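1. sequence and predicted model, in that order:
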Amino acid sequence: MSDLAPGSRVALIVHDSGVPYLGTVYDDSWVRTTPHAGPSDVATATTALRTLARRG
């Protein structure tokens, strides 16, 4: 990877097939009984992530 500048940040995303979450997010009863983030929470988190990404 000689084309990366020194100090560059690299991210690696690995798909895990969802098997570890079969008892949670893929379980309808768990989803019905577990509090979730609302739209404003998602918007706040998205804004924070974008701010951090711009800082580099």
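-> Great, that's in hand. Numbers count the residues shown, from 1 in each chain.

2. check what contacts the helix or strand that contains residue 50 and list those residues.
-> Taking DSSP states H and E as the criterion, residue 50 maps to helix 39-55. Outside helix 39-55, the residues that touch it by C-beta atoms under 8 Å, 6 or more residues apart in numbering are residue 37. Just so you know, the C-beta spots here come from the backbone N, C-alpha and C atoms, and that holds for glycine as well.

3. roughly how far apart are residue 50 and residue 32?
-> According to C-beta to C-beta, to the nearest Å, residue 50 and residue 32 sit 31 Å apart.

4. quick one: pLDDT of residue 49?
-> We have a pLDDT of 85 for residue 49.

5. can you get me a residue count around it?
-> 10 (other C-beta atoms under 10 Å).

6. how near is the residue nearest to residue 23 when sequence neighbours are not counted to residue 53?
-> Nearest residue to residue 23, sequence neighbours excluded (C-beta to C-beta, 6 or more residues apart in numbering): residue 30, at 6.9 Å. Distance, residue 30 to residue 53, using C-beta to C-beta: 31 Å.

7. what do you get for residue 22?
-> Counting by C-beta to C-beta, the gap from residue 22 to residue 53 is 31 Å.

8. pLDDT weak spots in the protein?
-> Counting by pLDDT under 70, the ranges of the chain that qualify are 1-2, 56.
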